[in-house]
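> What shape does this take:
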Amino acid sequence: MTAQPEEVPAPPAPAAAAQLLHELRADRRADTWVPAFEQDWARALDDARHSFSLAPVHDVVRAWRARLAAAPAVDAFRASGCDDSDGIDLDQVLGART
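Next up is the predicted model:
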């Protein structure tokens with residue numbers, strides 16, 4: 001018996017961050033997404049230096065890949081004109097952030 005989950009995600013390729021940054025720069029949201037990715041990446045590199053683990057940088061690549069993959073669905077939802085006014089403010093759910 002192993003303590004690992006059955007489906008452990010494979011780590012991203014060594015050049016995955018560079019490829020992802022190239023894709024983000026080509027996206028129409030580049031003005032906001034590229035600085036956010038670079039900030040997340042810098043924080044992950046710092047965490048990796050202190051923890052001697054590549055998990056933080058792998059997590060950043062996975063999270064941004066997911067954002068990029070979900071963007072067309074989000075765009076389609078927003079363009080559909082569906083009413084999303086019944087949403088709840090995140091601060092009401094999580095409480096005020098300090």
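> Kindly provide the distance from Asp46 to Gln19.
Applying Cβ to Cβ, to the nearest Å, the value for Asp46 to Gln19 is 22 Å. No exception for glycine: its C-beta is placed from N, CA and C like everyone else's.
> Buried residues in the helix or strand harbouring Arg78, which are they?
Using DSSP states H and E, the element containing Arg78 is helix 55-80. Within helix 55-80, the residues scored as buried using 16 or more other Cβ atoms under 10 Å are Pro56, Val57, His58, Val60, Val61, Trp64, Arg67, Leu68.
> same question, stretch 26-42
Trp33, Phe37, Asp40, Trp41.
> How about the contacts made by the last one?
Applying Cβ atoms under 8 Å, 6 or more residues apart in numbering to Trp41 gives the contacts Ala17, Val57, Val60.
> Of all the helices and strands in this protein, which has the lowest average confidence?
For the chain, counting by mean pLDDT, DSSP states H and E, helix 90-94 ranks last in confidence among helices and strands (a mean of 73).
> returning to that earlier point: so for the helix holding Arg78, mean pLDDT?
Taken as a whole, helix 55-80 has a mean pLDDT of 90.
> Which of the helices or strands spans Ala13?
Under DSSP H and E, no helix or strand contains Ala13.
> how far away is it from Val60?
14 Å.
> ok, now Pro12?
Separation of Pro12 from Val60 (Cβ to Cβ): 9 Å.
> Residues contacting stretch 56-70, please?
With contact meaning Cβ under 8 Å, 6+ apart, stretch 56-70 is reached by 9, 11-12, 16-17, 20, 23-24, 27, 33, 37, 40-41, 43-45, 47-48.
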